[in-house]
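Peer 1: Structure for the following, please:
(chains A and B)
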Amino acid sequence: MRFSELNKKIAITGMGSVSVFGKGIDVFSRNVEQGQGHFALMAPAQGSNVRVRVSLADEQEFSEGLDPNTSRYATKLSKMAALAGKEALAMSGMACHGSKDVGVLVGTALSGTVFRESVCSALSRPTGRVSPLKASRCVPNESVGTICLELGLKGYNTIVSSFASSSVDALFQASLAIVTGKARAMLVVGAEELSPFVIESLWGMGLLEEIAVDGSGQSGSSNLPQKHGLCLGEGAAAVLLEDADSALNRGADILGFIEEISIRSSSGSSFKRVKTMAETMKDCLDRVPVVDDVLLGYISANANGDRVMDGLERNALRRLLGQKSLPVTALKRALGETFGAAGLFQLVSALCGFKNRGAPLLEWPGQKVDAEAPPTVISEPRMKSAIINNFSPMGNYSSVLTTKEVFV
Amino acid sequence: MKLLKKVAISGVGVSSPIGTGKEEFFVNLVNGTDGICPIASFDTSRFSTHYGGEVSWVPGRETPCKEELPLALATQVMDEALLEAGLSVEQLKKQNCVLVVASAVGGVSHLLAVNEHQGRAELTKADYGRLLAYPHHALTDSLVRKYSISNGALTNISACTASNAAIGYAYDLIACGLCDMAIVVGVDILTPFEYACFDSYRALEKKGCRPFDNNRSGLALSEGAAALVLEAQVHLKQRKKRAKAFLTGYGLTNDAFDITAPDPSGHSAAEAMRIALESGGKHIHDVDYICAHGTGTKLNDVAETAAIKRLFGNQAYQIPVSSIKSCIGHTNGAAAAISAATCVLSIEAGVVPPTIHLEVRDESCDLDYVSNKARKTEVSVCLSNAYAFGGQCSSVLITKTSE
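Peer 2: Purely as a prediction, here's the structure:
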């Protein structure tokens, strides 16, 4: 499916984030621009003699800013989501509008897992008991409820999941809600919270980058891993979407536009998956602005360090670009794989690049992947558009084209 | 943007504690069969209640284990719905079709199974690998593979409103012309996990489920699935097939009142119904039947009744309202899909299913709840409601014709 078939432009007028770097867009932008990562070493499981790198958001860093009645029983995921959403809504200037005008859409891969794991663990013990407080935090839609409660939003709202492409699928559905008149504006939030069990499970499946306790085997650049497997991360990122004409008419400060969202699903052979990835990106590439035969933009790759998925994406990029030149970047080298939040972090990073006239980017060369390459800055003239890839191992392939100005 | 395309419902599939297949389900529903029984699939001795609804399986076929049950149920209802829509799996591959799955519980049985494993330190790579079926989207991915869906697939996890939200998304996609067809599947199973959660709230009824009854004390958890094949009316005509009913509108709102309790005023729930009616071009006097969320909890039933009265005024007393959860229990993420299927079957059969176990009227619940006995009546316009933790309210509008 292609959003551009509807011939409607969507503007982005607000953004927010809670990340490993702390609360707020400014701190996020500053750290990513400087190519910073913030990974901690931890044992993936009891008795394990290896360590894995994880990028965890510190709850102490963002405990302020929510109504105590909202946050008292909210999960960490919901708090991050509500704070990121609050920042985006405030930036957009839409907070003063009616409570039914702004809808909410959340994308997440593993929402509720922390407390689900705790309940399941309790049930595995003969006398284990489940507290009602834990039970209410197992509900997968708790975050959307918390956002609505905190921000007093009473309009269209829902929560979706498509694993690592949840954010982009949420963007698609939110844009559709605006086009069909379900909401005047949509707050779209991608959020993910790590649990010890998720880390242990992915490590148990052999998917995480491992580092020996003595430090041997550690990949070169200390803060920029992801060469030999996933490094997990968490956080929340949010954008406020509006119909472009409405945003322009009310004189809103527009951060960027959504020109295209392409969504496909596919399973089966590697060839088929590469083809689907390339087709998804091509839908966006066809609309990238060109000046003097130069494509003005870059590709924010899904690239998360997983050998299989990275290999497929690399082949798809080769198939897509051919002789064309377009920088390819990997934001997950700084943030880790945040699954349901990843696409929105990539989008927010692109918007920061548009705003700051430079690119807060970590390069992931398309032709030969070198995870140890130093971060490079993509020059300002190129910072006109970004194609954001969210490719899920669970068969969902989504790409978004965001642009600084209206080109098409 | 004007929604140009009419959305038809061309196939329905249901699996529930009172029947496998829509025909058996609806006959038993109309007869007021109670599907709430002592739970057989897991030990309930640690809980304060012991009743729930479990799906009966096709005789002669081996009952799947809990980990495999969601996929087995989803496949069963999808196959039934596709058969009715006149689509083989091969034909489906050629359609511009999207899959939208709704589930609240998801693959939690895999999490339970791994935790029950003796000593986590002994877990092997293969044991961990089973957890690939745990994430919310894992079931959807399995269905994408099985049915070769290529135009996109999404999982809605809005708890008990998930199916209505999934139906709404599918409706918008078709009405805007982004796809010709969408299959919506709501599915959830009964496991010790959600049983323990609801038991911890003391929200479970001791035996059967008694929505709107003065002596009700909670809900009955259960499991089930329903699938609906939705497609553009023009596409259906091209395929020379007939519509069973039409999906004509929907509304999603939030009461922003409390994470676990509904707003007793019913304001946002009424708003969801109003939006559904308005988007479908219908008036309050057009509504023939409301398939209520009707969980049987003290707070929900009063809030839903207040919402209906708030929107419909005196007309509220003229509209049959029933809760199918009195027969099949609460199937969480599947609930609204089964309710939507019920509306389609009610339109076709001209009968409104009953609310069973309704003996003593609650003063605050004073509508026409079709007590204990189904009612033969012309049904042309139905509203189906669903509400969830997190303040989510939803309604879909299902009609006999597209006008």
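Peer 1: list the contacts for the residue of the stretch 201-350 of chain B found nearest chain A?
Peer 2: Closest approach between the stretch 201-350 of chain B and chain A, counting by CB to the nearest CB: residue B:254, at 4.1 Å. The C-beta positions use only the backbone N, C-alpha and C, and glycine is treated the same way. Each residue near residue B:254 by CB atoms under 8 Å, 6 or more residues apart in numbering or on different chains is listed here: A:104, A:144-145, A:148, A:153-155, A:157, B:268, B:390-393.
Peer 1: and those residues, which are buried?
Peer 2: A:104, A:144-145, A:148, A:153-155, A:157, B:268, B:390-393 (16 or more other CB atoms under 10 Å in any protein chain shown).
Peer 1: Quick check: of the residues you listed, which lies closest to residue B:47?
Peer 2: For these, the residue nearest residue B:47 by CB to CB is residue B:390; the value is 24.4 Å.
Peer 1: Phi first, then psi, for residue B:282.
Peer 2: phi -110, psi 160 (degrees, to the nearest 10).
Peer 1: Please apply the same query to residue A:405.
Peer 2: Note on residue A:405: its backbone torsions stand at phi -130, psi 170 [degrees, to the nearest 10].
Peer 1: ok and the residue in the stretch 51-200 of chain B nearest chain A?
Peer 2: residue B:128 (3.2 Å).
Peer 1: for that residue, phi and psi?
Peer 2: Torsion angles, degrees, to the nearest 10, at residue B:128: phi -60, psi -40.
Peer 1: Isn't residue B:157 up against residue B:108?
Peer 2: No - assessed by CB atoms under 8 Å, residue B:157 is found out of contact with residue B:108, at 11.8 Å.
Peer 1: one step back: pipe the contacts of residue B:254 into JSON lines and attach pLDDT, distance to residue A:116 and secondary structure per row.
Peer 2: JSON lines is the format used below for those (pLDDT from 0 to 100; distance: CB to CB, whole Å; DSSP: H, G, I helix; E, B strand; the rest coil):
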{"residue": "A:104", "pLDDT": "98", "distance to residue A:116": "22", "secondary structure": "strand"}
{"residue": "A:144", "pLDDT": "97", "distance to residue A:116": "17", "secondary structure": "helix"}
{"residue": "A:145", "pLDDT": "96", "distance to residue A:116": "17", "secondary structure": "helix"}
{"residue": "A:148", "pLDDT": "96", "distance to residue A:116": "22", "secondary structure": "helix"}
{"residue": "A:153", "pLDDT": "96", "distance to residue A:116": "26", "secondary structure": "coil"}
{"residue": "A:154", "pLDDT": "96", "distance to residue A:116": "28", "secondary structure": "coil"}
{"residue": "A:155", "pLDDT": "97", "distance to residue A:116": "29", "secondary structure": "coil"}
{"residue": "A:157", "pLDDT": "98", "distance to residue A:116": "22", "secondary structure": "strand"}
{"residue": "B:268", "pLDDT": "97", "distance to residue A:116": "27", "secondary structure": "helix"}
{"residue": "B:390", "pLDDT": "94", "distance to residue A:116": "16", "secondary structure": "helix"}
{"residue": "B:391", "pLDDT": "96", "distance to residue A:116": "21", "secondary structure": "helix"}
{"residue": "B:392", "pLDDT": "98", "distance to residue A:116": "19", "secondary structure": "strand"}
{"residue": "B:393", "pLDDT": "98", "distance to residue A:116": "25", "secondary structure": "strand"}
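Peer 1: nearest to residue A:286, of the residues you listed?
Peer 2: residue A:104 (31.2 Å).
Peer 1: For the stretch 251-400 of chain A, what lies in contact range of chain B?
Peer 2: On the criterion CB under 8 Å from any CB of the partner chain, chain B has as its neighbours in the stretch 251-400 of chain A the residues A:263-268, A:276, A:392, A:394-396.
Peer 1: Farthest pair within the residues you listed?
Peer 2: So, those by CB to CB: farthest apart are A:263 and A:268, at 17.6 Å.
Peer 1: What about residue A:59, how many residues nearby?
Peer 2: Applying other CB atoms under 10 Å in any protein chain shown, we find 12 residues neighbouring residue A:59.
Peer 1: try residue B:377
Peer 2: 13.
Peer 1: Tell me how far the nearest residue in space to it that is not next to it in sequence lies from residue A:72.
Peer 2: Distances taken as CB to CB, 6 or more residues apart in numbering or on different chains place residue B:352 nearest to residue B:377, at 6.0 Å, with adjacent residues excluded. According to CB to CB, to the nearest Å, residue B:352 and residue A:72 sit 43 Å apart.
Peer 1: who's more crowded, the two?
Peer 2: residue B:352 (26 against 9).
Peer 1: in the sheet, who's paired with the more buried one?
Peer 2: Beta-bridge pairing of residue B:352 under DSSP bridges involves residue B:375.
Peer 1: Low-confidence regions, the stretch 251-400 of chain B specifically.
Peer 2: For the stretch 251-400 of chain B, no stretch has pLDDT under 70.
Peer 1: Would you mind naming what in it lies close to chain A?
Peer 2: Checking the stretch 251-400 of chain B against chain A by CB under 8 Å from any CB, the hits are B:252-260, B:268, B:271, B:388-392.
Peer 1: now the helices: where do they sit in the stretch 1-150 of chain A?
Peer 2: With DSSP state H, counting those that start in this stretch as the criterion, the stretch 1-150 of chain A has helices at A:25-33, A:68-71, A:76-92, A:113-123, A:132-136, A:142-151.
Peer 1: out of these, nearest to residue B:103?
Peer 2: helix A:113-123 (13.3 Å).
Peer 1: Could you list the buried residues of that closest one?
Peer 2: A:113-120, A:122-123.
Peer 1: picking up where we left off before, neighbour count winner among residue A:263 and residue A:268?
Peer 2: residue A:263 (28 against 12).
Peer 1: need the contact list for the more buried one.
Peer 2: So residue A:263 contacts A:1, A:165, A:168-169, A:172, A:280, A:396-398, B:151-152 (CB under 8 Å, 6+ apart).
Peer 1: what residues are up against the closest residue to chain A within the stretch 251-400 of chain B?
Peer 2: Among residues of the stretch 251-400 of chain B, the one nearest chain A by CB to the nearest CB turns out to be residue B:390. It sits 2.3 Å away. Taking CB under 8 Å, 6+ apart, we find residue B:390 in contact with A:139, A:141-142, A:144-146, A:148, B:158-159, B:254, B:259.
Peer 1: Quick one: the helices in the stretch 151-300 of chain A, in order.
Peer 2: Counting by DSSP H, counting those that start in this stretch, the helices of the stretch 151-300 of chain A are A:166-179, A:196-204, A:244-249, A:270-285.
Peer 1: pLDDT of the shortest one, averaged?
Peer 2: To tie it back to what came earlier, the one meant is helix A:244-249. The average pLDDT for helix A:244-249 rounds to 95.
Peer 1: chain center to that helix, what's the gap?
Peer 2: 26 Å (CA atoms, centre = their mean, to the nearest Å).
Peer 1: Return the set of buried residues in it.
Peer 2: Using 16+ other CB under 10 Å as the test for burial, helix A:244-249 gives A:244, A:247.
Peer 1: And the longest one, by the same measure?
Peer 2: By neighbour count on 16+ other CB under 10 Å, the buried set for helix A:270-285 is A:273-285.
Peer 1: can you pull out the strands in the stretch 101-250 of chain B?
Peer 2: Using DSSP state E, counting those that start in this stretch, the strands of the stretch 101-250 of chain B run over B:153-156, B:181-188, B:224-232, B:245-254.
Peer 1: which residue sits closest to residue A:402, ignoring its sequence neighbours?
Peer 2: In space, residue A:402 is closest to residue A:256, 4.9 Å off (CB to CB, 6+ apart).
Peer 1: Need the buried residues of helix A:113-123 in TSV (columns: pLDDT and distance to chain B).
Peer 2: Formatted as TSV, the buried residues of helix A:113-123 follow (pLDDT from 0 to 100; distance: CB to the nearest CB, whole Å):
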residue	pLDDT	distance to chain B
A:113	91	8
A:114	91	12
A:115	92	9
A:116	92	6
A:117	89	6
A:118	89	10
A:119	91	6
A:120	90	4
A:122	90	8
A:123	91	5
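Peer 1: Could I get these in TSV, plus columns for distance to residue A:340?
Peer 2: What follows is the buried residues of helix A:113-123, written out as TSV (distance: CB to CB, whole Å):
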residue	distance to residue A:340
A:113	11
A:114	14
A:115	17
A:116	15
A:117	17
A:118	20
A:119	21
A:120	21
A:122	26
A:123	26
